[in-house]
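J.: From the sequence below, what's the structure:
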Amino acid sequence: MNVAVFGASKGLGLYLAEGLADKGFLVHGFSRTKPKSPSVIHHNCDVTVDYSINKALKDAGVEFDLIIYGCCLWQEHESITAAQLQEFIHTGPLGFYQVIEMLNNLQFIKPNANIVSIGSIAANHVDQSSHPAYAISKKLQEILVKRLQANYHLGLKITNLKLGTIGQSFVKVQEVLAVIELIISLGQSSMLSDITLTSTADAVA
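T.: Numbering: from 1, shown residues only. Next comes the predicted model:
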């Protein structure tokens, strides 16, 4: 099975890439920074630049059975600015949409492949979030996923995987990997459209 992980240089993306590689999958990681991981095939890719996405995908040159998109920005200033919001949206939802569009145009998505968009519960509270640029970008990404899901008849099996806080007392990265494995274990005629994974600590917060 050929796997593409976008945002595989560190954190959750790198954990998922290495975890799937350890299970015997051929994993291609796409990121601007090369991870220190011998088990992941790295392709330099800036998801905010069309040419960079196109070149990285052509360098990989394979059809993918599983595509995971986890690119996003985290840090933001206390008050939102147009420039900052633009950066968040280009990296998250627009990057996601461009990657899927280009994979489709290049015919690098296998029939009945699984596509997983890593979202956030922050999208549920855009008007109350202390990180508005991040929350707005995740909400827009969720909307774009739903638009693509409407084209399910084209063979696109897309899951919106919405996560709470990742950490020791919150959602564990091992649990996210387990959900990914569940998604790919389903038959060709089934898909999980929306999954929310949170912890009791998230609920308290």
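
J.: which residues in this structure form helices?
T.: For the chain, applying DSSP state H gives helices covering 11-22, 50-60, 82-91, 93-105, 132-149, 173-185, 200-204.

J.: Nearest approach to I67 belongs to which of those helices?
T.: Proximity to I67 (Cβ to Cβ) singles out helix 93-105 among those, at 6.7 Å. C-betas here are computed from N, CA, C, even on glycine.

J.: that older thread, rank the helices of the chain by mean pLDDT and give me the bottom one.
T.: Across the helices of the chain, the stretch with the lowest average pLDDT is helix 200-204; it has a mean of 74.

J.: circling back to that earlier point, can you put the helices of the chain in JSON lines and add distance to K162 and mean neighbour count?
T.: Conversion of the helices of the chain to JSON lines gives the following (distance: least, Cβ to Cβ, whole Å; neighbours: other Cβ atoms under 10 Å):
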{"stretch": "helix 11-22", "distance to K162": "13", "mean neighbour count": "21"}
{"stretch": "helix 50-60", "distance to K162": "24", "mean neighbour count": "16"}
{"stretch": "helix 82-91", "distance to K162": "17", "mean neighbour count": "16"}
{"stretch": "helix 93-105", "distance to K162": "14", "mean neighbour count": "19"}
{"stretch": "helix 132-149", "distance to K162": "7", "mean neighbour count": "20"}
{"stretch": "helix 173-185", "distance to K162": "11", "mean neighbour count": "15"}
{"stretch": "helix 200-204", "distance to K162": "11", "mean neighbour count": "11"}
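
J.: Dump the ones you listed into CSV; add distance to H28 as well.
T.: Output for those, formatted as CSV (distance: least, Cβ to Cβ, whole Å):
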stretch, distance to H28
helix 11-22, 9
helix 50-60, 5
helix 82-91, 19
helix 93-105, 12
helix 132-149, 21
helix 173-185, 15
helix 200-204, 31
